[in-house]
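1. structure, please.
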Amino acid sequence: MGLGASTPKTSAGELKKEIAQRTGLEPEKQRVLFRGKEKEDKEHLHSAGVKDNSKVLVLENPASKEKKMQEMTGSKKKGEEMTASKEMKESEEMSKALAAVAGVRKEVDKLSERVAALEVTVNSGTKVADKEFDVSAELLMRELLKLDGVEAEGEAKLQRKAEVRRVQNFHETLDKLKARNSNPFSNSSNAVSVTTNWETFDSGTGSFTSPPPKSYPTNVTQDWEQFD
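-> Modelled structure (predicted):
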């Protein structure tokens with residue numbers, strides 16, 4: 001038999017224990033067959049005609065094998081369910097993040113119209129109250145804080161980053177407009193351009209004279225000092 005201490009006088013149950021030590025397959029999960037017949041645990045091998053060098057067939061119990069397969073299938077199914085659950089959760093988080101970014105974008109679109117209106121007004125030379133710039137900046141900051149609270153990955157993260165940059169650009173525009181509004185002549189485009197027309201004579205020699213000054217009525221009082 002080639003199983004160490006096993007002899008034809010060994011029982012089928014004892015043989016299973018020795019096989020378990022060699023293979024790790026538990027005794028209750030084994031089937032011992034000799035000449036096509038399964039042997040009971042208490043049955044001695046010699047009574048079944050087993051002799052030295054006889055071949056004994058050991059199989060895994062079908063019920064045990066089926067149970068093992070079920071456990072493996074159940075484990076695999078559980079793993080698939082966990083994976084699907086994780087993917088679903090990630091998908092829900094992605095949708096939630098995208099919706100949050102879209103909500104901020106909608107509000108920023110409205111604020112962009114406010115910034116554009118302020119830009120038109122300042123460029124026209126009309127004085128704007130500083131409060132208008134401060135309120136717009138405050139509203140933009142609120143949207144920036146909303147974006148900061150959005151946890152996003154993948155596409156949602158890219159959209160959030162783009163929207164953050166957009167809000168920052170509007171902030172920079174407001175700062176420039178506020179500075180120009182406070183000091184309108186600091187911008188060269190608003191500077192006054194003065195052109196003087198000079199008169200040229202036919203002699204060919206450039207003679208430059210400024211236009212004659214306008215005369216205005218003036219009352220002059222002269223006090224004369226008399227000397228001896």
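2. contacts and neighbour counts: CA atoms only from here.
-> OK.
3. could you list the low-pLDDT ranges of the chain?
-> 1-9, 56, 62-68, 74, 185-228 (pLDDT under 70).
4. show me where this structure has helices.
-> Assigned by DSSP state H, the helices in the chain fall at 12-23, 62-123, 130-148, 154-182.
5. measure Gln159 to Glu172 for me?
-> To Glu172, Gln159 is 20 Å away according to C-alpha to C-alpha, to the nearest Å.
6. before we move on, back to that, as CSV, the helices of the chain with mean neighbour count and distance to Arg35 would be great.
-> Converted to CSV, the helices of the chain look like this (neighbours: other C-alpha atoms under 10 Å; distance: least, C-alpha to C-alpha, whole Å):
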stretch, mean neighbour count, distance to Arg35
helix 12-23, 17, 14
helix 62-123, 14, 19
helix 130-148, 15, 77
helix 154-182, 17, 65
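7. how about the ones you listed, which one is nearest Lys29?
-> For Lys29, the closest of those is helix 62-123, at 5.5 Å, according to C-alpha to C-alpha.
8. show me what that closest one is packed up against.
-> When contacts are defined as 3 or more C-alpha pairs under 8 Å, 6 or more residues apart in numbering; DSSP states H and E, helix 62-123 packs onto helix 130-148, helix 154-182.
9. 10 Å instead?
-> strand 30-34, helix 130-148, helix 154-182 (3 or more C-alpha pairs under 10 Å, 6 or more residues apart in numbering; DSSP states H and E).
10. make a markdown table out of these and add distance to Glu60.
-> Supplementary listing: those in a markdown table, determined by distance: least, C-alpha to C-alpha, whole Å:
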| stretch | distance to Glu60 |
| --- | --- |
| strand 30-34 | 5 |
| helix 130-148 | 60 |
| helix 154-182 | 49 |
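11. between the helices of the chain, which gets nearest to Lys42?
-> Nearest to Lys42, of those and by C-alpha to C-alpha, is helix 12-23 at 6.1 Å.
12. please consider this matter closed, and thank you.
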